[in-house]
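K.L.:
my questions are about this predicted structure, shown below with the sequence.
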Amino acid sequence: MATFEEQTECVVEALFSDLLGEDNSDYRSLETDCGGSVQFAGKPLTEFDPVVVASRLRQIGDRCNMDFEKVSSEALAEVLEGKMEKFGAAVDSLSRSWCVQNPELVYERAFLSISVKLLTHVAKKVPAMVCTSQLTKTINGNLQVRSYIEACGGWGNLDN
């Protein structure tokens, strides 16, 4: 069984493949198969399907309607300039602000939504500055988000 960190890495790799439109033979088409397990990097994974989870994560990200160009945040400004070491701090700050403005939001869902949407936004602006490790580290490094995902039953049970 893969660790949480390994599963996160698989999910983020699948998400990047989807975002970048890469044709990678390790991934299935969601149109033709929405269930079961997938083999990733030569390792069979039976508890969850990273392609399906990545699709759910992208749907969560699509719910973020924040205009990053109009938000005032020092960490965000640095990320938008391609300084990705501030990515985690920017996501955390934006998530907390979004939750204050929308009390019905759960911080962990806001965090996942903003992290995916911001990464997508930056990938379009400065693609050379974006890599999978930024999102992986951001999710794995946030104990509150990790606990939330684990309380849902793990990545495989995260709903959109």
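P.N.:
Here it is on my side, so go on.

K.L.:
could you use CA atoms for every contact and neighbour count after this?
P.N.:
Fine.

K.L.:
can you tell me how far Pro103 sits from Ser95?
P.N.:
Going from Pro103 to Ser95 by CA to CA, to the nearest Å gives 11 Å.

K.L.:
Gly82 now?
P.N.:
Going from Gly82 to Ser95 by CA to CA gives 20 Å.

K.L.:
between the two, which one's more packed in?
P.N.:
With neighbours defined as other CA atoms under 10 Å, Gly82 and Ser95 compare such that Ser95 has more, 23 against 19.

K.L.:
I'd say the more buried one and Val106 touch.
P.N.:
No. Ser95 is beyond contact range of Val106, at 9.3 Å (criterion: CA atoms under 8 Å).

K.L.:
so what's the spatially most central residue of the chain up against?
P.N.:
Centroid-nearest residue in the chain, with CA atoms, centre = their mean: Val116, separated by 4.3 Å. Contacts for Val116 (CA atoms under 8 Å, 6 or more residues apart in numbering) come out as 57-58, 60-61, 135.

K.L.:
same question for Leu15.
P.N.:
51, 54-55, 57-58.

K.L.:
helix or strand for it, which one?
P.N.:
Per DSSP states H and E, Leu15 falls inside helix 4-20.

K.L.:
for that helix, give the mean pLDDT please.
P.N.:
The average of the pLDDT scores along helix 4-20 is 91.

K.L.:
and that helix, how far out from the chain's middle?
P.N.:
Chain-centre distance of helix 4-20: 8 Å, with CA atoms, centre = their mean, to the nearest Å.

K.L.:
is the closest residue to Glu9 other than its chain neighbours within a helix or a strand, and which one?
P.N.:
Leaving aside its chain neighbours, Glu9 sits nearest to Thr136 (5.8 Å; criterion: CA to CA, 6 or more residues apart in numbering). In this assignment (DSSP H and E), Thr136 forms part of helix 132-140.

K.L.:
check which residues of the helix or strand following that helix are buried.
P.N.:
Once the chain leaves helix 132-140, the next helix or strand it forms, by DSSP H and E, is helix 143-151. If you call a residue buried by 16 or more other CA atoms under 10 Å, then helix 143-151 has these buried ones: 145-146, 148-149.

K.L.:
what does stretch 56-71 give?
P.N.:
Of all the residues in stretch 56-71, those buried under the rule 16+ other CA under 10 Å are 56-61, 64, 68.
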